Structure formats: C-alpha cells, structure tokens
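S.K.: Let's see this in three dimensions:
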Amino acid sequence: VGGPVDQLKLTRDPKQYRYLNQSGVFTDPTIDDKRDWNNATEAFTVMNFTPEQTNEVLKALAAILHMGNVDFIVAGGAQIANDKVLNTAADLIGLDAPSLGEALTNITRELRGEVITTPMDMDQAADARDSLAMSLYAQLFKWIISKLNTSLKGNDTWHSIGVLDIFGFEN
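M.R.: This is a model prediction of the structure:
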C-alpha cells in the first residue's frame, strides 16, 4: 500500500489494460518481474536520473496504460464513455481532462481564418487515442535515450546508445 502501483493508480493485473492484454499472454516462467523491476529502478539511479525524473517516466507510462482504456460511446459523434479513466490519464501527465477528451473526440481545423470543430466517429476517436499514446511513448523513449547518452558522455570519449527502429513492425 502506498507504493508506485497505488500512486500511479494501476492494478497488478495486466489483463485490465488494453495495451497489455492483446497477446493473451500474462505469465512467463522465464521472467522474474520483481527482479526486473529492481534492475530497472537501479538502472535509473546508475544512469543519473533524479528521483523526480524517474517518477515522471513512470507517470507517463502509467498514463499511456490508462489512456489505452479510454472507451467511447456514440452521442452525436464519439464521446468519452469513462471519464474516470480519462481523468486519471490526464492527471498523471498534467493535462486538463476536458481538453484531452476534446482532442480525442473532435477534429479541429482552421479554414479561411475560421476554426471548425467536427466530431469524430468511434473508429476515428479510437485511432486518435492510440496515436496519441504511441506518440507519447515515442517521445518518452527518445527522451530516455537522450538522457542515457548524456550520462554516458565522458570527458575524453563519447559513448552513446543508438536504437534502430525498423519500419513495419508496428501494428
């Protein structure tokens, strides 16, 4: 009680999160979650992440998981079906929940100096939700790599981590 899972408003059940339950695989005898968690948190410290930075990374990851659980209903266009989930995701990353909800359910364009807002249908809203989650994850990943490379930079040498993202493996 009072640990990271509670602070991030997460459950310990991966089946509860759309982005984790797609494979249907929830256990693997070769994976020790507790050991891996301890290794990851130690790595943050070793690589000079402040406790605040580590906490922000965890909050962003939790927000992504919660965002994946935002559902929609049809009411003159897509509307948020579960405000509590939206509020949790928005709170974790410091966004205004109504604004996030609007961004996930409406297309806003400027045409000849006039702002026009059009409601999305349910498929468009789900795509917007997933695109935002993927973008947030990608930006978080880039920031972590940048932070790691800053920590690896020596006085006499430049060591860095490079990551190759091969197009086509996304769903």
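
S.K.: Rounded mean pLDDT for the biggest helix by length in the chain, please.
M.R.: Assignment by DSSP state H gives helix 122-152 as the longest helix of the chain. Averaged over helix 122-152, pLDDT sits at 93.

S.K.: Stretch 102-110 too?
M.R.: 96.

S.K.: same thing with stretch 91-98?
M.R.: Computed over stretch 91-98, the average pLDDT equals 97.

S.K.: Tell me how far it lies from the chain's centre.
M.R.: 13 Å (C-alpha atoms, centre = their mean, to the nearest Å).

S.K.: ends of it, how far apart?
M.R.: 11 Å (C-alpha to C-alpha, to the nearest Å).

S.K.: Would you mind listing the buried residues in it?
M.R.: 91, 92, 93, 95, 97 (16 or more other C-beta atoms under 10 Å). C-beta coordinates here come from the backbone N, C-alpha and C atoms, glycine included.

S.K.: Ok, stretch 4-13 next?
M.R.: 8, 9, 10.

S.K.: Next, count neighbours for residue 84.
M.R.: 12 (other C-beta atoms under 10 Å).

S.K.: who touches the spatially most central residue of the chain in this structure?
M.R.: With distances taken as C-alpha atoms, centre = their mean, residue 64 lies nearest the centre of the chain, 2.6 Å away. By C-beta atoms under 8 Å, 6 or more residues apart in numbering, residue 64 lies in contact with 19, 89, 133, 136, 137.

S.K.: immediately after the helix or strand containing it, which helix or strand?
M.R.: Applying DSSP states H and E as the criterion places residue 64 in helix 51-68. Under the assignment DSSP H and E, the closest C-terminal helix or strand after helix 51-68 is strand 72-74.

S.K.: Pull the residues that contact that following strand.
M.R.: 78, 79, 80, 81, 105, 121, 122, 125, 126.

S.K.: circling back: can you lay out the contacts of residue 64 as CSV showing distance to residue 30 and neighbour count?
M.R.: Shown next, in CSV, are the contacts of residue 64 (distance: C-beta to C-beta, whole Å; neighbours: other C-beta atoms under 10 Å):
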residue, distance to residue 30, neighbour count
19, 22, 16
89, 31, 27
133, 28, 20
136, 29, 17
137, 25, 16
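
S.K.: of these, closest to residue 45?
M.R.: Checking these against residue 45 with C-beta to C-beta, the nearest one is residue 137 at 22.6 Å.

S.K.: quick revisit: in helices, which of the buried residues of stretch 4-13 appear?
M.R.: Short answer: those have none in helices (DSSP H).
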